[in-house]
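**Student:** Turn this into a structure:
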Amino acid sequence: MSCKYLFDKTWSFVLCNVLFIEMNYYKTESKMKICYLFVVFLIVKKSN
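**Tutor:** Take a look at the predicted model:
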């Protein structure tokens, strides 16, 4: 495993946790939309 791979995994993990906490705290539709955008971004990033 490369350092970049580990960094990407950790970054994704932290980001997902932060978004999850944010969503639970605010429980608004706009936060959900932001979360979906980040998920799409991560999928695109992984495929490249």
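**Student:** Could you use CA atoms for every contact and neighbour count after this?
**Tutor:** Fine.
**Student:** Tally up the residues packed near residue 36, please.
**Tutor:** For residue 36, the neighbour count with other Cα atoms under 10 Å is 13.
**Student:** scratch that, residue 16
**Tutor:** Neighbours of residue 16 (other Cα under 10 Å): 15.
**Student:** Same question for residue 42.
**Tutor:** The number of residues packed near residue 42 is 14, by other Cα under 10 Å.
**Student:** and what of residue 34?
**Tutor:** 13.
**Student:** just for the protein, where's the confidence low?
**Tutor:** For the chain, applying pLDDT under 70 flags the ranges 1-8, 21-32, 35, 48.
**Student:** Helices of that one, start to end?
**Tutor:** 3-26, 29-47 (DSSP state H).
**Student:** helices and strands around the last one, which ones?
**Tutor:** Yep, that's helix 29-47 we're talking about. In this structure, helix 29-47 makes packing contacts with helix 3-26, judged by 3 or more Cα pairs under 8 Å, 6 or more residues apart in numbering; DSSP states H and E.
**Student:** rerun that using 6 Å as the cut-off
**Tutor:** Helices and strands touching helix 29-47, by 3 or more Cα pairs under 6 Å, 6 or more residues apart in numbering; DSSP states H and E: there are none.
**Student:** In CSV, could you pull the C-alpha coordinates for that helix?
**Tutor:** What follows is the C-alpha trace of helix 29-47 in CSV, where atoms were taken according to Å, rounded to 0.1, in the frame of the first residue of the first chain:
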residue,chain,number,x,y,z
GLU,A,29,-31.9,18.7,3.3
SER,A,30,-29.1,21.0,2.2
LYS,A,31,-26.7,19.0,4.4
MET,A,32,-27.8,15.9,2.7
LYS,A,33,-27.3,17.4,-0.7
ILE,A,34,-23.7,18.4,0.3
CYS,A,35,-23.1,14.9,1.5
TYR,A,36,-24.3,13.4,-1.8
LEU,A,37,-22.0,15.8,-3.7
PHE,A,38,-19.0,14.7,-1.6
VAL,A,39,-19.9,11.0,-2.2
VAL,A,40,-20.0,11.6,-5.9
PHE,A,41,-16.7,13.5,-5.7
LEU,A,42,-15.1,10.5,-3.9
ILE,A,43,-16.4,8.0,-6.4
VAL,A,44,-15.0,10.1,-9.3
LYS,A,45,-11.7,10.6,-7.5
LYS,A,46,-11.4,6.8,-7.0
SER,A,47,-12.1,6.0,-10.6
